[in-house]
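>>> coordinates only, sequence not included:
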Ligand SMILES: [Zn+2]
């Protein structure tokens, strides 16, 4: 059958530059009016229904009789009749749980002057509510926003003239709990503001029982008349919109000329509240920063150190000095052999160290690193209690996830797949919510994570027979169903019936002229016999085809949401069920779909692919290159390795189509890019290297890791969090500018991004045993991954916020509605033990990377090693060996262990010249019962923000300490510490990691569930 083009194709030829990625308001919901999507809670267009057009799918319901009418200005709008018991709109009660700051904006055309009609009224009862009335009793105080938690006599909020009737008015209400203000906007202009409003939305709404929350549009909580008005495009944001943002939203709705709030210039923004200071106190006594030399080869930018040992007065010791080197956007400085000088800066000082770089001609770093190390299978490393018989934080998080996973119904995770293939659902099956709901175009992604999670849980629960059996059963059930479905694709539904086996000849759905992404119950196509052999996904093939034809990201039927991203999760899950779960059918399904993908992509022109992979969110493909290279490794079919390279993000990896620079040449191509869209592509590059042995792919991975952790990383090990470009999920517009361009209000560190950075770090370490990879691993594991899970259940974070007085928000405690981060959390918490130990491929060396109570079974050497410790509540660990053998044990000397690293074997002190940030080798003919004791005294130390060194995080050993806050803050918490010895200013108990300083309590960030500050404004005295 002839392939027809979709009529809705957007003729989109993006002129691609790194800033086009995140910097501008674009078609699609991600940058709606220049405001990052992470801040958008819900958006009701009311253009025919009450659906939420944000990715959170908080669909509202219409209560009573109302009509959707045609409007001259906005097209379809909702018309509420008003009067007693008039119709209104109800949002789901959970939509605003855990939200404290709230902005509500929307269009109303009010029909009459009946007083106290409500634009919105959010609350539980008449004592606790938050509302806005467009029209009041008297002219002077007609339009109001009001909030109270103690009844109407205690209401607070601004008022202004009533709005005009019979015409469209844009209303905005902004509750800013940080500034304690409640502001009212009419037609994009601020018309009132109350200060000292010490109430947050979390005080108003019921946090424990969301169904008790009555979230109304158009209905009063009192006896007032219902709203008689037309409604259009009402949005709820979890941030305090600025006056400019409110004005922009209004302006963009009425004008053809798009305004964007985001500055698109590359110049760093200064935060108006914080002035840069002249000399950073943390470098007190610094008298100089030495110049350095560096060498590189033609084409490759030199790798310059981020830290240099400074020269301090009287030969004193001082912190390493953070140097910021210029970061060219291509490799022009090193295109020829010779020497040149680069001048760096040291923020907080006037020093300008220089690097003399020698550029040598010759082989372009053609070395071919080998993967010398291997991980241990998950079941061979079991987490243990600490040495006093208590569950460790790692065990607790593992158990929260594994126990809840064991109770899940696999049918919920199969729902979308059966639905896509038009198959009946078993009785009583509940579909997933959130990003897997019926009409969400990412549906199926959670099922991929779920496959990985049950495979890992199966492999890891060697310590519990019942759990082990439970997950074995889940794997075979899931795979049997998916296998049956994938077998149907491209084959006749009934004997002799019509079919299309060829993936590149998939016709439009029955009765359709073109392809669309309609997944609604009535609109979804289920003609699987036409889809080509081997197809499997949570929806029909259309989204893949539409991507090739130019479709953009969004919620309309001519738009899509990252089909290859979802497919990557599914393929990874299938391969995990094969590799970890031992299920051969799982590999068959993956192979079938792999061929489907290969066939489609291999006939596309290169330009089309480059354009696809760069199309924002629509073309996000997770780690498809990794999945394909892995499929090649598992099957030996070379088509899959070719296919992996069809996913090369060429400009990002290689600078341009001619492969002239890019990450392969150590050029920073991260600027402004979406972090979690790109990190998995890098693990994919490394997997592609394993198959192709082309060193360029290896360089891409290692250079990315260095650039990312040097120039874009926060204290918890997370990355991105940009305010320029205005999206918390993006890298900052320039490297080394977290203060100027980061600390976005919408959140800082997406948890998925750190999950992926950990995956990359451990793999790089297996190639290159540089302790920095595992130092980073420890930092991010304790301070982000461990810190991202709720106290008593497997709820977990999307973004971890790091602004002063911020609070973590946990979601998906019942595993029934997944964001991307809820998906990767399933994976992270079923493999917490996977990097404690590695072995060399030749089994001559054992690596002890992390100090976590656990028992290792090293089958190849018939040795057991048990690690017993209270770390990090103690600074020692004890390794006890069962078995014998001659091998090296390499133990990690953390880079923070600057007060020494003691080693005892069988009670005897060993001489060691351990250097922080390296591995110490213990070589011996080991005897049964040998005991190795390691002691690494903890110390307090500061990690400054690279471009504002007075803003610091306080660490104790590996543990980030958070200041406990009772409320949100507009400023950084100021603390004064002893310049010579931080511990002089801090009191507390290392065995509980509870401390205090400057009148504030500190505790591990991973034990912090209420408001916190992890960055402090420090003065050293
Ligand atoms: Zn995520």
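Happy to help now that I have it. Keep in mind the model is a prediction, meaning the values are calculated, not measured.
>>> CA atoms for contacts and neighbours, from now on please.
OK.
>>> Tell me the buried residues in the longest helix along the chain?
In terms of residue count, the longest helix belonging to the chain (DSSP state H) is helix 465-488. Neighbour-count burial for helix 465-488, with 16 or more other CA atoms under 10 Å as criterion, is recorded at 467-468, 470-472, 474-476, 478-479, 482-483, 485-488.
>>> likewise stretch 517-533?
517-519, 524-533.
>>> for stretch 232-247, same thing?
The neighbour-count check on stretch 232-247 (16+ other CA under 10 Å) flags 232-241, 243, 245-247 as buried.
>>> how far away is the residue in the chain that the ion sits nearest to from residue 689?
Taking CA to the ion as the measure, the point where the chain comes nearest the ion is residue 821, at 3.5 Å. Separation of residue 821 from residue 689 (CA to CA, to the nearest Å) stands at 27 Å.
>>> for this structure, what's the longest strand?
strand 226-237 (DSSP state E).
>>> Adjacent strands (with direction) for that one?
Using DSSP bridges, the strands paired with strand 226-237 are strand 40-44 (antiparallel), strand 75-83 (antiparallel), strand 102-110 (antiparallel).
>>> Contacts for it, please.
Outside strand 226-237, the residues that touch it by CA atoms under 8 Å, 6 or more residues apart in numbering are 39-47, 74, 77-88, 102-112, 117-119, 218-220.
>>> for stretch 201-215, same thing?
Under CA under 8 Å, 6+ apart, the answer for stretch 201-215 is 90-94, 96-102, 120-124, 128-130, 148-149.
>>> What of stretch 641-652?
For stretch 641-652, using CA under 8 Å, 6+ apart, the contacting residues are 597-598, 601-602, 609-610, 613-614, 624-629, 631-632, 656-657, 659, 662-663, 669-670, 681, 685, 688, 691-692.
>>> restrict the residues you listed to contacts with the ion.
Counting by CA under 5 Å from the ion, nothing from the contacts of stretch 641-652 sits close to the ion.
>>> So among those, which ones count as buried?
Using 16+ other CA under 10 Å, the buried members of the contacts of stretch 641-652 are 597-598, 601, 609-610, 613-614, 624-629, 631-632, 662-663, 669-670, 681, 685, 688, 691.
>>> and those residues, which of them are in strands?
Using DSSP E, none of the buried ones among the contacts of stretch 641-652 sit in strands.
>>> among those residues, which are in helices?
Within these, residues falling in helices by DSSP H are 597-598, 601, 609-610, 613, 624-629, 631-632, 681, 685, 688, 691.
>>> Drop anything exposed from the contacts of strand 226-237.
Buried among the contacts of strand 226-237 (16+ other CA under 10 Å): 39-47, 74, 77-82, 85-88, 102-112, 117-119, 218-220.
>>> Same list, the buried residues of stretch 232-247, but as TSV with pLDDT please.
Listed next are the buried residues of stretch 232-247 as TSV, based on pLDDT from 0 to 100:
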residue	pLDDT
232	95
233	94
234	95
235	96
236	95
237	93
238	89
239	88
240	90
241	91
243	85
245	86
246	90
247	87
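>>> was I right about residue 858 contacting residue 380?
Yes - the pair residue 858 / residue 380 is scored as a contact, 7.2 Å apart, by CA atoms under 8 Å.
>>> Residue 925 should be in a strand, yeah?
Yes - applying DSSP: H, G, I helix; E, B strand; the rest coil, one finds residue 925 inside a strand.
>>> any idea how far residue 375 is from the closest residue to it other than its chain neighbours?
In space, residue 925 comes closest to residue 886 once its chain neighbours are excluded; the distance is 4.1 Å by CA to CA, 6 or more residues apart in numbering. The gap separating residue 886 from residue 375 is 20 Å, by CA to CA.
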